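Asker: Give me the fold of what follows.
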Amino acid sequence: MSAADPEEVKRAGNDLYRKGCFEGALRLYDRALALCPDNAACRGNRAAALIGLDRLGEAVKECEEALRIDPSYGRAHHRLASLHIRLGHIEDALKHLSLATPQPDLLELHKLQTVEKHLGRCLDARKAGDWKSVLRESDAAIAAGADSSALLLAARAEALLRLNLLDEADLAISSASKLDYTSSCSSDTKFCGFLANAYLFYVHAQIDMSSGRFDHAVSSIDKARIIDPGNTEVVNMHNKVKSVARARSLGNELFNSGKFSEACVAYGEGLKQHPMNKVLYCNRAACRFKLEQWEKSIEDCNEALKIQSNYTKALLRCFSHPFHDAFQSAVLQGFPIREHTVRQIPIC
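Answerer: Numbers count the residues shown, from 1 in each chain. All right, here's what the predicted structure looks like:
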């Protein structure tokens, strides 16, 4: 291979690509582009290697650069259409699919139409507050081809949260956050009436708040409001998150000062804003424990367990109860754990 001949270097990269050595192929394509920056085919090949490495946002940029060099480059249009389907960008996918060849690839067109159908149903279900349908249709759209859509994963996470499946919601929003979304989507992209980036932060804030990550929740909703300040759902959630975080902070301060009755009231104010917050229930249970309000303490632990059945602190608080034997059946209800004797469990 001549190190000075970009075509030879590109061919060597192609050999590595065919063997599945995407990192090595990418390095050779970079070397070829350093010798000949306006080589559209090499840009397209570089995009293919990036797809192999699951760096889809960068692959989109590389295809766009190939088309800047050669607007009629059909393979780049086709590759870009496939990328946009995976990312859930329906209009962009349709545009590039129509430009790829005189006749669109029928398999890709069918995939696009199926994703579009399920995405539309998902959006309609969210407007109606039908969270089971949101979950079903987002799953169907992902399975049909939009497997790297951060927005669909976020919609799935929001549906799981509303269906009281907190652990699964947390996993879903974590997966969405790992995707290279911002580099593959314009800042004015809309989803469910939100600016797309704002929706991701909006869902993240809800899950963080429900999981007791109050500082992260405040940070996420602040970002959502900066991006989409006129969105009513964002504004309302911003107010709620701030209010709940303040209630938790005040409750903790009062608890640590030994003012347990006042702390109960503070946590209760937070629960008025967010009745599905396991941490506030568990913290109020600690206050009621200190006040020797045994039955109310157990009730709060049970409420926390309804939200997250494997929430360890709520289980341990129940077993630290002086009369926990009397309440054991109410607390466990199918949770096969050993008894613990724990007297001091910190608030969250």
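Asker: Residue 267 versus residue 300, what's the distance?
Answerer: 9 Å (Cβ to Cβ, to the nearest Å). Every residue, glycine included, has its C-beta placed from N, CA and C.
Asker: Mutual contacts of the two, please.
Answerer: 281, 284 (Cβ atoms under 8 Å, 6 or more residues apart in numbering).
Asker: got the contact list for the residue lying closest to residue 148 once chain neighbours are set aside?
Answerer: With sequence-adjacent residues excluded and distances taken as Cβ to Cβ, 6 or more residues apart in numbering, residue 148 is closest to residue 86, at 4.5 Å. The neighbours of residue 86, taking Cβ under 8 Å, 6+ apart as the test, are 56, 145-149.
Asker: how about CSV for these, with neighbour count, distance to residue 14 and pLDDT added?
Answerer: Shown next, in CSV, are the contacts of residue 86 (neighbours: other Cβ atoms under 10 Å; distance: Cβ to Cβ, whole Å; pLDDT from 0 to 100):
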residue, neighbour count, distance to residue 14, pLDDT
56, 22, 21, 94
145, 20, 26, 96
146, 28, 29, 96
147, 17, 26, 95
148, 23, 24, 95
149, 27, 30, 94
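Asker: Of all pairs in the residues you listed, which one spans the longest distance?
Answerer: Across these, the longest distance by Cβ to Cβ is 12.9 Å; it joins 56 and 145.
Asker: mind giving me the domain ranges of the protein?
Answerer: Using the TED database, the domain ranges for the chain come out as 1-104, 112-180, 241-333.
Asker: Dihedrals phi and psi, the closest residue to residue 245 other than its chain neighbours?
Answerer: Nearest residue to residue 245, sequence neighbours excluded (Cβ to Cβ, 6+ apart): residue 214, at 4.5 Å. Note on residue 214: backbone dihedrals following degrees, to the nearest 10 are phi -70, psi -40.
Asker: Do I have it right that residue 214 meets residue 246?
Answerer: No. Judged on Cβ atoms under 8 Å, residue 214 makes no contact with residue 246 at a distance of 9.4 Å.
Asker: More neighbours: those two, which one.
Answerer: When residue 214 and residue 246 are compared for neighbours, residue 214 comes out ahead with 24 against 16, by other Cβ atoms under 10 Å.
Asker: Let me see the confidence value for that one.
Answerer: With respect to pLDDT, residue 214 has a value of 96.
Asker: Give the closest residue to residue 266 in space, chain neighbours not counted.
Answerer: Counting by Cβ to Cβ, 6+ apart, residue 251 is the residue found nearest to residue 266 once chain neighbours are left out, at 3.7 Å.
Asker: re the thing from before, please tell me how far the residue nearest to residue 148 sits from residue 233.
Answerer: Residue 86 sits 27 Å away from residue 233, taking Cβ to Cβ as the criterion.
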